[in-house]
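Asker: The following block contains a protein sequence and its predicted model.
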Amino acid sequence: MRKKILGAALGTCVHVSGLYHFLKLAEAEGYETKLIGPAVLPKRLVETIREYQPEIVAISYRLTPEVAQGLFAELKKLIAQYKLLTLRYVFGGTPPVAQVARASGLFERVFAGTEPLDEVKSYLRTTQGIKKEEVFAKDLISRIQQKYPYPLIRHHFGRPSLEETIQGVKKIAESALLDVISLGPDQNAQEHFFHSETMDPTQNGAGGVPVRKPENLEAIFAASRCGNYPLMRCYSGTRDLVKWAEMSVQTIHNAWGAIPLCWYSVMDGRSQRSLIEAITENQQTMHWYAERGIPVEVNEAHQWSLRDAHDSLAVTMAFLAASNAKKMGVQHYIAQYMFNTPPGTSPAMDLAKMLAKKDLIESLHNENFIVYTEVRAGIAHFSANPFIAKGQLAASAVISLALKPHILHVVGFSEGDHATYPEELIESCSIAHGVLQNCLSGLPDMASDPIVQKRRQELLNEAKILLAAINKLGADTSGDPWCDAQVISLAIQKGLLDTPHFRGNPHLCGNITTSLIDGAWYAINAETGEVLREQERIEQLP
């Protein structure tokens, strides 16, 4: 037999919208509900409780706290008189009234309208005998399925000390605003964890939390076992990637592996791996996760855009990253789309670039390669002014919703100035939830804009020319040039895959010039400033 919930707006309060939606959520969770309307006086409410005999009574009130205090006292007296104290009472209202409701001692749960949807669902499920930790799915794909079309919220976190990080993770989990905590170890840990003798002690805490042994990761994970029991994941390390994968799965139950294709090598100096060594080891790590059924993200394309790569190259690299993941046996692929990168990219051109990436990546989709969309803002575009940055956070999120994401990777508004503190992370996630609450019910279709569509098709055409050139480069030596470490390495060295930031690096090319034109990034002729199409650019390479 289904449990029953009775709902009423108390006193002279006529606001029932929030209560109505609460009861609709309850119905979706299997409850029988009854709403007796607005402006219900305590005496009438008690009479209906005796008649309907619910297990839970849901009460709302959105007027003045002083009047609410008297109403709660009167209701509590009548409930005691008629021996109804064994029932469960829940309240929803404005924060000032919620404070009075808590003080009344009548309600087992008080909602102030600031809680995420998950917290409301958690309450409804726990009242049916489900343990709170069992409400939240423990793996990424199940959690996506549990919430979609509402995306999972992800955010990076890692303070310069272990204790500060542990305390912060607990506070973040208790907020129940974040589904995935992405732990950021410091650079010493990422590069030297398994070679402690080579660490530079003066760099401890630079770029993240100084984890030095598996027990540190276990302690951080233990701190997250509260609130909405968020999933955890971790950077891959910049060398010894398979060892890092093994350790992160054992200690924090790594929700998915995030691995580059070419980076963390002599390309960016984050390790001393050669191009071929890095690509080969990165592929092996993808395969390691694939064998264990763990999802994989190849965070590749935006690394090129962070170095002012032209848009068609970024689209090409997004496809190559996904192709390599599929080749390595990955079944669940997380495609990350970083907006606002390089800085200056217009929203229309940004969206066109991401749609072109999505088209190519999802062309690989089949029952053995399932693609999930993750969107995020680019850190480099955030202002150091926190008020401007908050607007940028919200604006970028709105544009990115055009991709119908499964994961919204929030970048804290403080990141333009300093690494995020827990309180700032919570505020940033709250802003993201506000965007979602307003926009998920139906945004105009920004993707159908003719300017966006024109650029999208242009980028698809250009990327296909570049992909064909890479394929031709390895046609005589490889059965699959797009997934061959030697061919990809050669394509970088010859300048097929190039950025202006490579200039001066003896391992790379760096002969390309790129420029921002009308909100998009193009390869250009360094002397004339004219746009170079891919075919023309490729023909000019030595």
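Answerer: Great, that's in hand.

Asker: In this protein, which residue is most central in space?
Answerer: The chain has residue 409 as the residue nearest its centroid, 2.6 Å off, counting by Cα atoms, centre = their mean.

Asker: Quick check, it in contact with residue 152.
Answerer: No: Residue 409 is beyond contact range of residue 152, at 9.1 Å (criterion: Cβ atoms under 8 Å). (Each C-beta comes from the backbone N, C-alpha and C, glycine too.)

Asker: how far away is residue 541 from residue 523?
Answerer: Distance, residue 541 to residue 523, by Cβ to Cβ, to the nearest Å: 11 Å.

Asker: swap that for residue 255, sorry
Answerer: As defined by Cβ to Cβ, residue 255 lies at a distance of 37 Å from residue 523.

Asker: What of residue 201?
Answerer: 43 Å.

Asker: higher neighbour count, those two?
Answerer: residue 523 (24 against 7; other Cβ atoms under 10 Å).

Asker: quick check, that one in a helix?
Answerer: No: counting by DSSP: H, G, I helix; E, B strand; the rest coil, residue 523 is not part of a helix but strand.

Asker: Next, the residue nearest to the centre of the chain: secondary structure please.
Answerer: strand.

Asker: which other helices and strands contact the lowest-mean-pLDDT helix or strand in the chain?
Answerer: Within the chain, no helix or strand scores below helix 132-135, which has a mean of 74 by mean pLDDT, DSSP states H and E. Applying 3 or more Cβ pairs under 8 Å, 6 or more residues apart in numbering; DSSP states H and E, one finds that helix 132-135 makes contact with helix 117-126.

Asker: could you point out the longest helix in this structure?
Answerer: Longest helix in the chain, counting residues (DSSP state H): helix 450-473.

Asker: Show me what counts as buried in it.
Answerer: By neighbour count with 16 or more other Cβ atoms under 10 Å, helix 450-473 contains the buried residues 452, 455-456, 458-460, 462-467, 469-470, 473.

Asker: cool, stretch 400-415 as well?
Answerer: The neighbour-count check on stretch 400-415 (16+ other Cβ under 10 Å) flags 400-403, 405-415 as buried.

Asker: contacting residues around residue 204?
Answerer: Residue 204 is in contact with 160, 186, 188, 210, counting by Cβ atoms under 8 Å, 6 or more residues apart in numbering.

Asker: again, only using 10 Å
Answerer: 160-161, 186-189, 210, 212 (Cβ atoms under 10 Å, 6 or more residues apart in numbering).

Asker: And the residues you listed, which is closest to residue 265?
Answerer: Nearest to residue 265 among those is residue 187, at 14.6 Å by Cβ to Cβ.

Asker: contact partners of whichever helix or strand comes after the least confident helix or strand of the chain?
Answerer: Once the chain leaves helix 132-135, the next helix or strand it forms, by DSSP states H and E, is helix 140-147. The list of residues contacting helix 140-147 from outside it, by Cβ under 10 Å, 6+ apart, reads 117-118, 121, 135-137, 139, 150-153, 179-180, 229-231, 233, 254-256, 293-295, 331-332, 334, 370, 372, 406-407.

Asker: how much space between the residue of the chain most remote from its centre and residue 136?
Answerer: Farthest-out residue of the chain from its mean C-alpha position, per Cα atoms, centre = their mean: residue 81, at 50.7 Å. Residue 81 sits 40 Å away from residue 136 when distances are taken as Cβ to Cβ.

Asker: swap in residue 286?
Answerer: With Cβ to Cβ as the criterion, residue 286 and residue 136 are 27 Å apart.

Asker: Settle it for me: which of these two has more neighbours?
Answerer: Between residue 286 and residue 136, counted using other Cβ under 10 Å, the more crowded position is residue 286 (27 against 21).

Asker: Can you name the element that comes right after the helix or strand where the more buried one lies?
Answerer: Under the criterion of DSSP H and E, residue 286 resides in helix 275-291. Later in the chain than helix 275-291, the nearest helix or strand by DSSP H and E is strand 296-298.

Asker: Show me what that following strand is packed up against.
Answerer: Packing partners of strand 296-298 (3 or more Cβ pairs under 10 Å, 6 or more residues apart in numbering; DSSP states H and E): strand 257-259, helix 275-291, helix 311-327, strand 332-338.

Asker: Compare the ones you listed and give me the one nearest residue 422.
Answerer: strand 257-259 (22.1 Å).

Asker: Okay, residue 94 and residue 257: tell me how far apart.
Answerer: From residue 94 across to residue 257, the span is 44 Å (Cβ to Cβ).

Asker: Show me the helices in the stretch 101-250 of the chain, by range?
Answerer: Secondary structure of the stretch 101-250 of the chain by DSSP state H, counting those that start in this stretch: the helices cover 117-126, 132-135, 140-147, 162-175, 187-192, 214-223, 241-252.

Asker: Name the surrounding residues that touch the fifth one.
Answerer: Contacting residues not belonging to helix 187-192 are listed as 158, 184-186, 196, 198-212, 216-217, 234-241, 244, 264, 270-272 [Cβ under 10 Å, 6+ apart].

Asker: Let's see that with 8 Å instead.
Answerer: Applying Cβ under 8 Å, 6+ apart, the contact partners of helix 187-192 are 198-200, 203-204, 206-212, 235, 237-239, 270-271.

Asker: picking up where we left off before, quick one, which of residue 94 and residue 257 is more surrounded?
Answerer: Legend: neighbour count by other Cβ under 10 Å for residue 94 and residue 257, higher for residue 257 (27 against 19).

Asker: where exactly do the helices run in the stretch 401-542 of the chain?
Answerer: According to DSSP H, counting those that start in this stretch, the helices that the stretch 401-542 of the chain contains are 422-439, 450-473, 485-494, 534-539.

Asker: can you list the domains in the protein?
Answerer: Per automatic domain parsing, the structural domains of the chain span 4-135, 140-266+274-419, 448-539.

Asker: for the last one, how far is the first residue from the last?
Answerer: Right, the one you point to is domain 448-539. Terminal residues of domain 448-539 are spaced 34 Å apart (Cα to Cα, to the nearest Å).

Asker: Distance from it to the middle of the chain?
Answerer: In terms of Cα atoms, centre = their mean, to the nearest Å, the centre of domain 448-539 is found 29 Å from the chain centre.

Asker: and if you look at the first one?
Answerer: Its chain's C-alpha centre and that of domain 4-135 lie 33 Å apart, by Cα atoms, centre = their mean.

Asker: Ignoring the adjacent residues along the chain, who's closest to residue 109?
Answerer: In space, and not counting its chain neighbours, residue 109 is closest to residue 90: 4.7 Å by Cβ to Cβ, 6 or more residues apart in numbering.
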